[in-house]
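# Any chance you can model this:
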Amino acid sequence: MPSSDHSPPPTPITAAAGDGIGPEVMEAVLEVLERAGARLAVEHVTAGDAAYRRGHDTGLEPAGWESVRRTGVLLKGPVTTPHGAGQRSLNVAARTRLGLFANVRPCVSYHPYVRTRHPRMDVVIVRENEEDLYAGIEHRQTDDVIQSVKLISRPGSERIVRYAFEYARTNHRQKVTAFVKDNIMKLTDGLFLRIFREVAAEYPEIRADHLIVDIGAARLADQPERFDVIVTLNLYGDIVSDIAAQVTGSVGLAGSANVGEHCALFEALHGSGPAIAGQGVANPSGLLMAAVMMLVHIGQGEAAARVHNAWLKTIEDGVHTADLFARGLSRYRVGTRAFADAVVERLGDLPRTLPTVGYASGRVAPGRAVRATPRVPAVKTLVGVDVFLHWGGDRPEELAALVAPLGGEALRLTGISNRSQSVWPEPNPSVLCTDHWRCRFRARPEGATVSHRAIVDLLARAAEAGLDFIQTENLCDFDGTPGFSAT
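Predicted structure coming up:
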């Protein structure tokens, strides 16, 4: 659709075709967007295998990062991450370098044109992107034990929860559900749930509930129509978003957005498909749906609706690529180029059976209205310390005899655990003990405040005794409430 002299200037975006089927699906998608009247100034950059081979460990060359920071938008084709040491996924690098804190995955069924057991499914997964176990903070601490650190922050949790409610409000969604495991991880997931409840109270028009993530995932797989928007932590979100996409009937149709305050990345869920690369048979739908999300993001809602409705009409008309083709449902089996041409032919048409979509126009900034609320710091009181030891013995009472004197006058040994299982002072011979021991010291006398000097002195005595301490965790109360697990 040609633009008039009075049309707004084109919006700069960065496009990275990627590897495998990436170049052919990117070409098809950009052709559809242009024919739909999207006003884009596309900067093409190299990403994926070519960048890795040139020594760029993030999969994107410096000029590519400069382009993304300048445009604030990256439309990315699938990229294959090498397995070599020191090379990172481009997605992980983008999330950390660009502050892309929210992953958004709409998962929709297209019954009866795409086979699914759940014809009424229409769920959006909003996943926190920067924290949790995916922070990748890991340590080998002993011969037997490796640790991975789960970090959950109040600002990070509030930002993603608020984003989910803002998304629901903007897109006329009725309910937001939190998936957590607060019955086990009472502090980390408990913080996320507490913040979820606080933020939910600010959106009275939107229903809010929560589920333990395991039963939540089971219900999502079995009864996805019960859900509208799901917000959750990083690890859970990665798992349940793939479950949701698969339940729709085809992961290949799903687009995804990674959104930050200043930049956003849009991509398909599927991989680079090297086995079919260059054959012209790949389905461009996933990247096209990601591009629709991109158009909405940059304020070109009219073009987004035109593309999305034409795509729905194409699916309704039985024009399907090989991955979707099914006898009795499909009429035409087409390749990448022919599918894109079919969408272009239907620009301006509306679906007959599938719901018509519409999007508001006008630029909406990334990460809108999601900054964390300032809070008064709590009163923090140091009341003890957990000291983790690499010790090769297997008798907890023997270890207790070694470490109890280390506390001096300020600290007393109150418990020893092995892999979180308590083994002293109450003996527990059924526990499988490794060489990784946690020794808990509390203030002496009970209720006193511990000094940092007392902890340093404890560690000095441990070193003199030849004990290998591998980690310490201070035990603190915050406003009189323990900030540590009870056992």
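
# domains of the chain?
8-101+251-353, 117-247, 380-482 (automatic domain parsing).

# Dihedrals phi and psi, the closest residue to residue 282 other than its chain neighbours?
Distance criterion C-beta to C-beta, 6 or more residues apart in numbering; nearest residue to residue 282, sequence neighbours excluded, is residue 21 at 3.9 Å. (C-beta placed from N, C-alpha, C; glycine too.) Phi and psi for residue 21, reported as degrees, to the nearest 10, are phi -80, psi 0.

# what's the most buried one of the domains of the chain?
domain 8-101+251-353 (a mean of 20; mean count of other C-beta atoms under 10 Å).

# Report the contact partners of residue 349.
309-310, 313 (C-beta atoms under 8 Å, 6 or more residues apart in numbering).

# same thing with residue 284?
If a contact means C-beta under 8 Å, 6+ apart, then residue 284 has 24-25, 28-29, 32, 336, 339-340 as its contacts.

# Serialize the residues you listed to TSV and add fields for pLDDT and secondary structure.
Formatted as TSV, the contacts of residue 284 follow (pLDDT from 0 to 100; DSSP: H, G, I helix; E, B strand; the rest coil):
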residue	pLDDT	secondary structure
24	97	helix
25	97	helix
28	98	helix
29	98	helix
32	98	helix
336	97	helix
339	98	helix
340	98	helix
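
# about what we covered before: and residue 359, which of the domains of the chain is closest to it?
For residue 359, the closest of these is domain 8-101+251-353, at 3.3 Å, according to C-beta to C-beta.

# What's the end-to-end length of the closest one?
End-to-end distance for domain 8-101+251-353: 34 Å, by C-alpha to C-alpha, to the nearest Å.

# Just the strands from the stretch 351-487 of the chain, written as ranges.
In the stretch 351-487 of the chain, the strands defined using DSSP state E, counting those that start in this stretch lie at 380-390, 411-418, 421-424, 436-443, 468-478, 481-482.

# Could you give the separation of the second one from the chain centroid?
Read that as strand 411-418. Computed by C-alpha atoms, centre = their mean, to the nearest Å, the chain-centroid distance of strand 411-418 equals 37 Å.

# right, and residue 154 touches residue 188 too?
No - applying C-beta atoms under 8 Å as the test, residue 154 and residue 188 come out as separate, 11.1 Å apart.

# How much space separates residue 432 from residue 423?
10 Å (C-beta to C-beta, to the nearest Å).

# likewise residue 186?
Relative to residue 423, residue 186 is positioned 22 Å away (C-beta to C-beta).

# swap in residue 348?
Residue 348 sits 71 Å away from residue 423, going by C-beta to C-beta.

# Name the helix or strand for residue 315, please.
According to DSSP states H and E, residue 315 maps onto helix 301-316.

# Can you list the helices and strands that that helix packs against?
Packing partners of helix 301-316 (3 or more C-beta pairs under 8 Å, 6 or more residues apart in numbering; DSSP states H and E): helix 22-35, helix 285-297, helix 336-345.

# that older thread, tell me which of the strands of the stretch 351-487 of the chain sits nearest to residue 327.
strand 421-424 (56.2 Å).

# and that closest one, what does it pack onto?
helix 396-403, strand 411-418.

# So what touches the first one?
I take that to be helix 396-403. Outside helix 396-403, the residues within contact range by C-beta under 8 Å, 6+ apart are 387, 389, 391, 393, 413, 416, 418, 423-425, 427, 433, 437, 439, 462, 465, 467.

# ok, now the last one?
The contact list for strand 411-418 (C-beta under 8 Å, 6+ apart) reads 384-385, 396, 399-400, 403-404, 406-407, 422-425, 431, 433-434, 436-444, 450, 454-455, 458, 487.

# Swap in 7 Å and give it another go.
Residues outside strand 411-418 that contact it (C-beta atoms under 7 Å, 6 or more residues apart in numbering): 384, 396, 399-400, 403-404, 407, 422-425, 431, 433-434, 436-444, 450, 454, 458, 487.

# rewinding a little: possible to save the helices and strands packed on helix 301-316 as TSV with distance to residue 159?
Below are the helices and strands packed on helix 301-316 laid out as TSV (distance: least, C-beta to C-beta, whole Å):
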stretch	distance to residue 159
helix 22-35	30
helix 285-297	17
helix 336-345	36
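
# Of all those, which one comes closest to residue 303?
helix 285-297 (5.2 Å).

# helices or strands next to the closest one in the packing?
Helix 285-297 is packed against helix 22-35, strand 73-76, strand 255-259, strand 264-268, helix 301-316, with contacts defined by 3 or more C-beta pairs under 7 Å, 6 or more residues apart in numbering; DSSP states H and E.

# one more time with 6 Å
In terms of contacts (3 or more C-beta pairs under 6 Å, 6 or more residues apart in numbering; DSSP states H and E), helix 285-297 is packed against helix 22-35, strand 255-259, strand 264-268, helix 301-316.

# how many degrees apart are that helix and strand 255-259 in direction?
Helix 285-297 and strand 255-259 meet at an angle of 40 degrees, taking axes from the mean of the first three to the mean of the last three C-alpha atoms, to 10 degrees as the criterion.

# okay, the angle between helix 285-297 and helix 336-345?
40 degrees.

# Run through who's touching helix 285-297.
25, 29, 33, 38, 75, 252-255, 257, 264, 266-270, 303-304, 307-308, 359 (C-beta atoms under 6 Å, 6 or more residues apart in numbering).

# follow-up on the earlier one: residue 247: which of the helices and strands packed on helix 301-316 is closest?
helix 285-297 (15.8 Å).

# With only the CA atoms kept, save the closest one in PDB.
C-alpha atoms of helix 285-297 as PDB (Å, rounded to 0.1, in the frame of the first residue of the first chain):
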ATOM      1  CA  SER A 285       4.100 -17.800  10.200                       C
ATOM      2  CA  GLY A 286       6.000 -17.700  13.500                       C
ATOM      3  CA  LEU A 287       8.200 -14.800  12.400                       C
ATOM      4  CA  LEU A 288       5.200 -13.100  10.800                       C
ATOM      5  CA  MET A 289       3.200 -13.200  14.100                       C
ATOM      6  CA  ALA A 290       6.300 -11.900  15.800                       C
ATOM      7  CA  ALA A 291       6.300  -9.100  13.300                       C
ATOM      8  CA  VAL A 292       2.700  -8.300  14.000                       C
ATOM      9  CA  MET A 293       3.700  -7.900  17.700                       C
ATOM     10  CA  MET A 294       6.500  -5.600  16.500                       C
ATOM     11  CA  LEU A 295       4.100  -3.400  14.500                       C
ATOM     12  CA  VAL A 296       1.800  -3.000  17.500                       C
ATOM     13  CA  HIS A 297       4.800  -2.200  19.700                       C
END
